[in-house]
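Peer 1: All I have is the shape, not the residue letters:
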């Protein structure tokens, strides 16, 4: 591992940790607490957000999947 990969590894590890904490506790972390408890579909949104964090953090670990993972899976920027 070169010194260029260390920041990406640290960021990916943090994102993965947020995803795992979100899946284990089933609750938003401090950043997402602004969503009111009366919001319809709040619980599925919490788990969906945690799963996305986990998937994108894992995608950042591999060189080949780092670019799409950094975009959140959006491939529309690759076009034209």
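Peer 2: Yep, it's here. All of these numbers come straight from a predicted model, not from anything done at the bench.
Peer 1: make it CA atoms for all contacts and neighbour counts henceforth
Peer 2: Fine.
Peer 1: Residue 42 - how many residues pack around it?
Peer 2: 15 (other C-alpha atoms under 10 Å).
Peer 1: Next one, pLDDT for residue 55 please.
Peer 2: Residue 55 is assigned a predicted lDDT (pLDDT) of 87.
Peer 1: Give the buried residues for the strand or helix carrying it.
Peer 2: Residue 55 belongs to helix 42-61 when assigned by DSSP states H and E. Across helix 42-61, burial judged by 16 or more other C-alpha atoms under 10 Å covers 46-61.
Peer 1: farthest-separated two in those?
Peer 2: Farthest pair in the buried residues of helix 42-61 (C-alpha to C-alpha) is 46 and 61. Separation: 23.4 Å.
Peer 1: so what's residue 15 up against?
Peer 2: Neighbouring residues of residue 15 by C-alpha atoms under 8 Å, 6 or more residues apart in numbering: 53, 54, 56, 57.
Peer 1: Then residue 13?
Peer 2: By C-alpha under 8 Å, 6+ apart, the neighbours of residue 13 are residue 57.
Peer 1: gap between it and residue 22?
Peer 2: Remark: distance between residue 13 and residue 22 (C-alpha to C-alpha, to the nearest Å) = 14 Å.
Peer 1: which residues of the protein fall in strands?
Peer 2: Here the chain has no strands by DSSP state E.
Peer 1: Going along the chain, name the helices of this protein.
Peer 2: 6-25, 42-61, 66-70 (DSSP state H).
Peer 1: want to throw those helices into CSV with distance to residue 35?
Peer 2: Below are those laid out as CSV (distance: least, C-alpha to C-alpha, whole Å):
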stretch, distance to residue 35
helix 6-25, 15
helix 42-61, 8
helix 66-70, 24
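Peer 1: which one of the ones you listed lies closest to residue 33?
Peer 2: Using C-alpha to C-alpha, the nearest of the helices of the chain to residue 33 is helix 42-61, at 10.2 Å.
Peer 1: How about the contacts made by the nearest residue to residue 9 once chain neighbours are set aside?
Peer 2: Leaving aside its chain neighbours, residue 9 sits nearest to residue 61 (6.4 Å; criterion: C-alpha to C-alpha, 6 or more residues apart in numbering). Applying C-alpha under 8 Å, 6+ apart to residue 61 gives the contacts 8, 9, 12.
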